[in-house]
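only the shape, not the letters, is given here:
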């Protein structure tokens, strides 16, 4: 066996062993899954939804303001590398009466840490699904700038990956969409109108290959925009209402086979190889 494959196997084994604690935290828990691309503001959204204290901070050198969190439950980062590898089961810092669901942070799509990390993230998330009591709902984070892009390039990339990992029949009715990094004062209705117009243009373009992703646009646009929510981390008074709307969604129907983490062809080849060396069988 080539040495690099030996090293890959050792790295994956180490990462999976490190992830056992995270996986075990999902045991018999009702979870709200948080998905989005790397750098979409997912960790900021999770800290907000968990009830952490959020604040606006101005950089003394640049004068640029950004949102920070006191005592975060999810580490906030920036750039092309996700701050999250293993699913992070988050307790509510500020509980909501009658709600026992916990938030589940995940590795961002389009992370670039390599094969071993991609495989470990995929396996860990699959195990979390199996161990949980239920997946109550799925929140997908989309930055407002991605929606304003004339060709919806990043939205289409995200939906391509979501279509690869979410089985449509299991997730229809279970997904809602949060618009992150919204700084321009647009309302949910205005954002809905922007997306609707661009989606209609895509449908008219025979080269857009929109068919496989159409169901996600239909989920995004259903009920005339009522499935689109602005994520405003400084608006603490809106947090409880947002979470209650999320919990009105349908529970994911078959959580044991519903999710397949989108990984590269190289990762799939490597994973099949690793699988032969281990007695435990993983499905991704």
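Right, received. Where do you want to start? For clarity, every value in this text was computed on a predicted model and none was experimentally measured. Numbering: from 1, shown residues only.

residues in contact with stretch 135-143?
Residues outside stretch 135-143 that contact it (CB atoms under 8 Å, 6 or more residues apart in numbering): 30-37, 39-42, 45, 101, 129, 154-155, 158, 162, 166, 171, 174-181, 231, 246-247, 249-252, 255, 258. C-betas here are computed from N, CA, C, even on glycine.

got a quick PyMOL command for the buried subset of those residues?
Buried residues among the contacts of stretch 135-143 (16 or more other CB atoms under 10 Å), as a PyMOL selection:
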select buried, resi 30+31+32+33+34+35+36+37+39+40+41+42+45+101+129+154+155+158+162+166+171+174+175+176+177+178+179+180+181+231+246+247+249+252+255+258
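
for the stretch 101-250 of the chain, which segments count as helices?
Under the criterion DSSP state H, counting those that start in this stretch, helices of the stretch 101-250 of the chain are mapped to 115-131, 144-148, 153-165, 168-171, 188-204, 214-225, 239-246.

picking that back up, restricted to strands, list the contacts of stretch 135-143.
Among the contacts of stretch 135-143, the ones falling in strands (DSSP state E) are 30-36, 175-180.

ranges for the strands of the stretch 1-150 of the chain?
With strands called from DSSP state E, counting those that start in this stretch, the stretch 1-150 of the chain shows them at 30-36, 53-58, 65-70, 88-90, 102-105, 134-143.

could you dump these into JSON lines and include distance to residue 24 and mean pLDDT?
JSON lines is the format used below for these (distance: least, CB to CB, whole Å; pLDDT from 0 to 100):
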{"stretch": "strand 30-36", "distance to residue 24": "14", "mean pLDDT": "94"}
{"stretch": "strand 53-58", "distance to residue 24": "29", "mean pLDDT": "94"}
{"stretch": "strand 65-70", "distance to residue 24": "26", "mean pLDDT": "90"}
{"stretch": "strand 88-90", "distance to residue 24": "9", "mean pLDDT": "89"}
{"stretch": "strand 102-105", "distance to residue 24": "13", "mean pLDDT": "93"}
{"stretch": "strand 134-143", "distance to residue 24": "17", "mean pLDDT": "96"}
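
how about those, which one is nearest residue 116?
Counting by CB to CB, residue 116 lies closest to strand 88-90 out of those; the figure is 18.9 Å.

need the winner for burial among the helices of the stretch 101-250 of the chain.
Counting by mean count of other CB atoms under 10 Å, helix 115-131 has the highest mean neighbour count of the helices of the stretch 101-250 of the chain, with a mean of 22.

what packs against that one?
helix 3-18, helix 20-24, helix 265-277 (3 or more CB pairs under 8 Å, 6 or more residues apart in numbering; DSSP states H and E).

same question for it, mean pLDDT?
Over the span of helix 115-131, the pLDDT mean works out to 80.

pretty sure residue 52 sits against residue 76.
No. The criterion here is CB atoms under 8 Å, and residue 52 misses it with residue 76 at 10.4 Å.

so those two - more neighbours on which side?
A count of neighbours by other CB atoms under 10 Å puts residue 52 above the other of residue 52 and residue 76, at 22 against 16.

on that earlier part again, could I get the strands of the stretch 1-150 of the chain in JSON lines, plus columns for distance to residue 213?
Formatted as JSON lines, the strands of the stretch 1-150 of the chain follow (distance: least, CB to CB, whole Å):
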{"stretch": "strand 30-36", "distance to residue 213": "15"}
{"stretch": "strand 53-58", "distance to residue 213": "32"}
{"stretch": "strand 65-70", "distance to residue 213": "30"}
{"stretch": "strand 88-90", "distance to residue 213": "27"}
{"stretch": "strand 102-105", "distance to residue 213": "24"}
{"stretch": "strand 134-143", "distance to residue 213": "13"}
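
so which of these is nearest residue 236?
Nearest of the strands of the stretch 1-150 of the chain (CB to CB): strand 53-58, 7.1 Å.

which residues do residue 52 and residue 76 both contact?
residue 69.

circling back: how about the strands of the stretch 1-150 of the chain, which one is nearest residue 237?
Proximity to residue 237 (CB to CB) singles out strand 53-58 among the strands of the stretch 1-150 of the chain, at 12.0 Å.
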